[in-house]
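*Asks:* 3D, please:
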Amino acid sequence: MRPGFFSFAVLLGLTVACNGGDAATGFSGPSHPGVTTVPVGSSSSTDAMAESDSSSTSSTSSSGWSGSTSTGQDGPKLDMAVPDAPPMPPIGCKGKIDFLFVISAWGGMEEVQKQLSDAFPIFMKKIQDQLGEFDVRVLSASPTGAFNMDSCSNCADAEDCTYNAKPPLCKAELDACDTTLGAGVTFPAGAGSANRRCDFYGGHRYILGEDPMFEQSFACLTQVGINGAVPETAAGMVHAISFELNAPEGCNAGFLREDALLVVTLFDDGYDAFSPGTVESWAQSLRDAKHDNEDAFAVLAFSTDIDAGFGNLCNPFNPVEDVNPLRELADNVAHGHFVSICEPSYAEPFESFVDEIVMLCENLHIPQ
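*Replies:* As a prediction, the model looks like this:
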């Protein structure tokens, strides 16, 4: 659905966008309330003496104390309630951010992938500059659960291949996770991709922030190429954060951390018509992964904006009425934004996201 005429530039920057943004400009999303904590309630009691004129008194001070006193045959009594507990201060994520990408390898996505590869490290550097501490993990989840290298002519080690051989004769030794929906991609295959096994520091299916070759690893991870496999972008996200894949023996073991902010970025130039479930079920999977804490995750969805009416960026003279499900997903969570994938530059959307990520990180409440 994405026409071939648009181009992309390097992304960078910092202003938070709010709900109700102009769809034609590509950036929209709900407002972002601050983190709140409900204090523990207090109670008071009164005692009365039935056979005297004296009576108990109760009072509540501005500090939240409440109580009563009485005097009886057994001596004075003091009945005071526990004071209101002050709100617990947020622990914060201490720089821990789990970045999850789901990137379609369908249609005209190759140029989008290149721009993402060039620009995202700059975006993360801006976050790091504001947070000080920075402990990131970056995973690119498979949106297909398929390995599509048609022939060894695409293999990065083609000289070692047999003519017209099929994988794994291209030295592509695959494991079960290479063909698992939502598993971290470590062997991107197809036209325009790395077409080799990404050698990530630490041996995981995701990148660690301390990877000495971070930018090269990120380029390998995000250039998933054009392999013709039908994407299930939202489903890839759902599986990537599932308990099954994040269990100790799962494909993504160690990626999703309890004390980290989760930042999801989706790239799909279509309507994601193939992911099972509903928009609400996709959103609920995020809430389940972060213990129903809406302030523990954020979503940035890049997709076609042909549902934005005349003047949209992707097909300005032929809009459609059906709302893009990925736009609905972004609107369905507290910290979600939708961006037209046909924006000539991704700099402003990513810039606008920096402040919000920093705020969420600093105010993150860790489940006890």
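
*Asks:* Strands of the chain, start to end?
*Replies:* In the chain, the segments counted as strands under DSSP state E are 57-60, 66-72, 75-80, 96-103, 135-141, 207-208, 261-268, 297-303, 336-340.

*Asks:* Can you pull out the low-pLDDT segments for this protein?
*Replies:* 1-90, 150-171, 228 (pLDDT under 70).

*Asks:* Regarding it, what is its longest helix?
*Replies:* Scanning the chain for the helix with the most residues, using DSSP state H, yields helix 110-131.

*Asks:* Check which residues of that helix are buried.
*Replies:* 110, 112-113, 115-120, 122-124, 126-128, 131 (16 or more other Cβ atoms under 10 Å). (Each C-beta comes from the backbone N, C-alpha and C, glycine too.)

*Asks:* from those residues, which two are the most distant?
*Replies:* E110 and L131 (32.4 Å; Cβ to Cβ).

*Asks:* can you give me the helices in the chain?
*Replies:* So, for the chain - with DSSP H - the helices run 110-131, 214-222, 233-240, 243-246, 279-289, 325-331, 347-362.

*Asks:* Make a markdown table from those helices and add distance to P188 to it.
*Replies:* Shown next, in a markdown table, are the helices of the chain (distance: least, Cβ to Cβ, whole Å):
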| stretch | distance to P188 |
| --- | --- |
| helix 110-131 | 9 |
| helix 214-222 | 7 |
| helix 233-240 | 14 |
| helix 243-246 | 18 |
| helix 279-289 | 24 |
| helix 325-331 | 22 |
| helix 347-362 | 22 |
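
*Asks:* looking at those helices, which is closest to V339?
*Replies:* helix 347-362 (4.4 Å).

*Asks:* Could you list every helix and strand in contact with that closest one?
*Replies:* strand 96-103, helix 110-131, strand 261-268, strand 297-303, strand 336-340 (3 or more Cβ pairs under 8 Å, 6 or more residues apart in numbering; DSSP states H and E).

*Asks:* let's see it at 7 Å
*Replies:* helix 110-131, strand 261-268, strand 297-303 (3 or more Cβ pairs under 7 Å, 6 or more residues apart in numbering; DSSP states H and E).

*Asks:* Can I get the shortest one as PDB, trimmed to CA atoms?
*Replies:* Same thing as strand 297-303. Provided in PDB are the C-alpha atoms of strand 297-303 (Å, rounded to 0.1, in the frame of the first residue of the first chain):
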ATOM      1  CA  PHE A 297       5.600   0.700  28.200                       C
ATOM      2  CA  ALA A 298       5.200   3.000  25.100                       C
ATOM      3  CA  VAL A 299       4.400   2.300  21.500                       C
ATOM      4  CA  LEU A 300       5.500   4.100  18.300                       C
ATOM      5  CA  ALA A 301       3.800   2.700  15.200                       C
ATOM      6  CA  PHE A 302       5.000   3.700  11.700                       C
ATOM      7  CA  SER A 303       2.500   2.700   9.000                       C
END
